[in-house]
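# Next one to model:
(one chain, ligands or ions: 3)
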Amino acid sequence: MGPKKFFIQTFGCQMNVYDSERIAQILTARNYRPVDDPARADLILVNTCSVREKPEKKVYSALGRFRALKGKKPGLLIGVAGCVAQQEGEGLLARVPYLDFVLGTKELKKIPEILDNLESSGDRACAIALDGRIDPYGGLPLFPAPGGPTAFVSIMQGCDNFCSFCVVPFVRGREVSRPSQNIREEIRTLSEKGVKEVTLLGQNVNSYGLRTAGEPDFVRLLESIDKIPGIERIRFTTSHPKDLSPGLIGAFGRLSKLCEHIHLPLQSGSNRILGRMNRGYTKEEYSGKVQRLRAACPEISITTDIIVGFPGEEEEDFRETLKMLERIQFEEMFSFRYSDRPRTRASTFAGKIPEESKQERLAELQALQRGITQRRYKAWEGREAEVLVEGSSKARREEKTGRTRVNHIVNFPGASVAAGSLVRVRIQKALAHSLRGELI
Ligand code: SAH
Ligand code: SF4
Ligand code: F3S
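Ligands and ions are numbered 1, 2, ... in the order given. Reported below is the predicted structural model:
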């Protein structure tokens with residue numbers, strides 16, 4: 001009998017992708033090996049997201065599929081981690097009788113103990129402590145396993161903002177910054193293993209370090225990462241518009257490794273709705289910050305998130321969101337139909353919008369943005385861009401794929417170009433969400 005095998009299915013945001021990699025690291029240290037096929041696994045873990053109704057539903061259908069495997073292989077262990085695990089806790093063990101364990105968002109380090117208990121006594125386990133401002137990665141080895149030239153690095157966990165629609169503060173707990181020294185060491189190790197680009201992750205990176213004595217603020221952290229040899233590009237996500245400081249705006253264009261892209265979720269273009277969402281800014285303040293970003297860094301690409309059909313959203317509020325799309329000219333937009341989330345204030349609000357109206361608004365919003373995105377992509381035709389090569393294109397093996405600094409995907413012929421190289425490419429054609437080019 002060789003080493004045991006594990007399979008992890010990940011839903012949700014980059015934070016979950018990072019956590020899944022951390023879990024894989026813990027399991028590998030326990031002599032487990034990753035497999036691509038759940039049918040070959042001795043342990044299946046579903047890392048879950050509960051930010052909207054749809055991703056939460058996917059968790060239960062995934063579990064349903066894995067149940068059949070358990071029938072064929074009685075020793076198979078199935079666990080649920082992440083935000084649905086945190087949200088449902090013991091209830092999940094009751095609802096899913098074939099589930100072996102539930103692992104909360106700040107309990108990664110409990111995995112070995114849980115597995116030991118399951119192996120020796122078969123006891124089902126639920127670990128979902130969330131208290132205090134404790135670094136969930138504290139005590140774990142630094143993350144050393146890059147999958148290519150780019151890597152995510154979590155710099156903080158949790159959120160204290162309590163936007164009225166959002167479940168994150170309830171499932172990720174209070175905001176906790178990781179020690180800056182750990183972050184830098186982790187990035188240095190990644191760099192030594194060939195990583196060229198890091199994306200710093202947090203629910204609201206702008207407030208990094210503010211609640212921890214002796215830690216730098218986010219701009220200082222960026223400055224120190226900018227000096228790490230071998231790292232060529234720095235990105236971060238997500239940045240809350242209300243906390244986007246003049247210092248951070250000034251960092252674009254000043255720090256050479258900081259890429260010219262910011263994801264700045266607007267959520268709505270109506271001040272009345274923004275107030276009900278508890279977002280802490282008006283559309284005028286948002287536009288002002290965008291103007292300053294573009295003055296500091298004319299190349300910058302700005303992407304956003306929008307929610308349609310928030311409780312009480314009138315046709316007029318929605319028109320204001322459309323107007324904001326025209327005014328700001330986002331590079332890309334991620335848009336969602338509002339859904340009620342457990343424990344959030346908005347779930348108790350009156351004025352729920354029927355699903356058909358949400359769907360109509362979503363379609364109109366997306367049609368408008370499609371045109372804007374297309375024009376912005378088209379503007380790149382004929383220009384040169386620096387591309388960090390990530391690997392071969394999935395569709396055509398002889399082609400390479402990578403991203404520009406403003407975060408556009410570029411595909412180009414270049415069989416001999418190695419992943420991790422920084423190359424100059426001339427953009428020939430804009431497609432819906434990517435560019436085609438040729439090596440210069
Ligand atoms: N921390 C990030 C957002 C994380 S959630 C931030 O502050 O911007 C990602 C996106 O999901 C949000 O920006 C929002 O647009 C969407 N979202 C969150 N809760 C939602 C809900 N209840 N219904 C619909 N969309 C939601
Ligand atoms: Fe949710 Fe708001 Fe925190 Fe973002 S800032 S994670 S939307 S509560
Ligand atoms: Fe989803 Fe949790 Fe991320 S709810 S969006 S996986 S923080």
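# Only C-alpha atoms from now on, for both contacts and neighbour counts.
Will do.
# Spell out the residue ranges of the strands in the stretch 101-250 of the chain.
Ranges of strands within the stretch 101-250 of the chain are 101-103, 125-127, 150-154, 156-157, 176-177, 197-201, 233-237, based on DSSP state E, counting those that start in this stretch.
# Contacts only, for F152.
Q14, Y18, V198, T199, L200, L201 (Cα atoms under 8 Å, 6 or more residues apart in numbering).
# ok, now which ones touch the residue of the stretch 201-350 of the chain found nearest ligand 2?
Closest approach between the stretch 201-350 of the chain and ligand 2, counting by Cα to the nearest ligand atom: Q203, at 4.9 Å. If a contact means Cα under 8 Å, 6+ apart, then Q203 has M156, Q157, G158, C159, T237, T238, S239 as its contacts.
# go again using 10 Å as the cut-off
13, 15, 154-161, 168-169, 172, 175, 237-240 (Cα atoms under 10 Å, 6 or more residues apart in numbering).
# next one: E313
E313 touches S268, S270, R272, I273, R276, G351, K352, I353, K358, counting by Cα under 10 Å, 6+ apart.
# What's the local residue count around the third one?
Right, the one you point to is R272. 14 (other Cα atoms under 10 Å).
# for the first one, same thing?
For S268, the count of nearby residues is 28 (other Cα under 10 Å).
# So which of the contacts of Q203 are in helices?
Using DSSP state H, the members of these that fall within helices are M15, V168, P169, R172.
# Now render those as JSON lines, adding pLDDT, neighbour count and distance to A295.
Converted to JSON lines, the ones in helices among the contacts of Q203 look like this (pLDDT from 0 to 100; neighbours: other Cα atoms under 10 Å; distance: Cα to Cα, whole Å):
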{"residue": "M15", "pLDDT": "96", "neighbour count": "21", "distance to A295": "31"}
{"residue": "V168", "pLDDT": "97", "neighbour count": "24", "distance to A295": "33"}
{"residue": "P169", "pLDDT": "97", "neighbour count": "18", "distance to A295": "33"}
{"residue": "R172", "pLDDT": "96", "neighbour count": "23", "distance to A295": "35"}
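# need those in JSON lines with distance to S191, can you?
Listed next are those as JSON lines, based on distance: Cα to Cα, whole Å:
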{"residue": "M15", "distance to S191": "20"}
{"residue": "V168", "distance to S191": "31"}
{"residue": "P169", "distance to S191": "32"}
{"residue": "R172", "distance to S191": "28"}
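# Tell me the one among these nearest to K57.
Nearest to K57 among those, counting by Cα to Cα, is V168 at 16.8 Å.
# does the closest one really touch C13, like I thought?
No - applying Cα atoms under 10 Å, one finds V168 not in contact with C13, separated by 11.2 Å.
# what sits in contact with each of these two?
Common neighbours of V168 and C13 (Cα under 10 Å, 6+ apart) are C49, V51, Q203.
# Could you find the lowest-pLDDT member of those?
Lowest-confidence member of the shared contacts of V168 and C13: Q203, scoring 94 (pLDDT).
# Could you pull up phi and psi at that one?
When quoted as degrees, to the nearest 10, the phi and psi of Q203 stand at phi -70, psi -30.
# circling back: please tell me how far the residue of the stretch 201-350 of the chain closest to ligand 2 sits from G158.
Per Cα to Cα, to the nearest Å, Q203 is found 7 Å from G158.
# per-residue confidence averaged over the helix or strand hosting F66?
Using DSSP states H and E, F66 maps to helix 53-72. Across helix 53-72, pLDDT averages out at 92.
# on that earlier part again, return a ChimeraX selection command for the buried portion of the contacts of Q203.
Buried members of the contacts of Q203, defined by 16 or more other Cα atoms under 10 Å, are picked up in ChimeraX with:
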select :15,154,155,156,157,158,159,160,161,168,169,172,175,237,238,239,240
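# Also within reach of ligand 1: list those from the contacts of Q203.
Among those, the ones lying near ligand 1 by Cα under 6 Å from any ligand atom are T238, H240.
# Most proximal residue of the stretch 51-200 of the chain with respect to ligand 3?
Counting by Cα to the nearest ligand atom, the stretch 51-200 of the chain gets nearest ligand 3 through V51, at 3.9 Å.
# The stretch 251-400 of the chain now?
R341 (10.0 Å).
# buried residues in stretch 354-374?
Buried residues in stretch 354-374 (16+ other Cα under 10 Å): K358, R361, L362, L365, Q366, Q369, R370, I372, T373, Q374.
# mind putting the residues you listed in a markdown table, distance to ligand 2, pLDDT and secondary structure included?
Below are the buried residues of stretch 354-374 laid out as a markdown table (distance: Cα to the nearest ligand atom, whole Å; pLDDT from 0 to 100; DSSP: H, G, I helix; E, B strand; the rest coil):
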| residue | distance to ligand 2 | pLDDT | secondary structure |
| --- | --- | --- | --- |
| K358 | 19 | 98 | helix |
| R361 | 20 | 98 | helix |
| L362 | 19 | 98 | helix |
| L365 | 20 | 98 | helix |
| Q366 | 20 | 98 | helix |
| Q369 | 21 | 98 | helix |
| R370 | 24 | 97 | helix |
| I372 | 24 | 98 | helix |
| T373 | 24 | 97 | helix |
| Q374 | 27 | 97 | helix |
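# Alongside ligand 2, which residues does the stretch 151-300 of the chain contribute?
C159, N161, F162, C163, C166, V168, P169, Q203, N204.
# can you list the buried residues of stretch 354-374 in a markdown table and add distance to P34?
Listed next are the buried residues of stretch 354-374 as a markdown table, based on distance: Cα to Cα, whole Å:
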| residue | distance to P34 |
| --- | --- |
| K358 | 41 |
| R361 | 42 |
| L362 | 39 |
| L365 | 41 |
| Q366 | 38 |
| Q369 | 40 |
| R370 | 39 |
| I372 | 42 |
| T373 | 38 |
| Q374 | 39 |
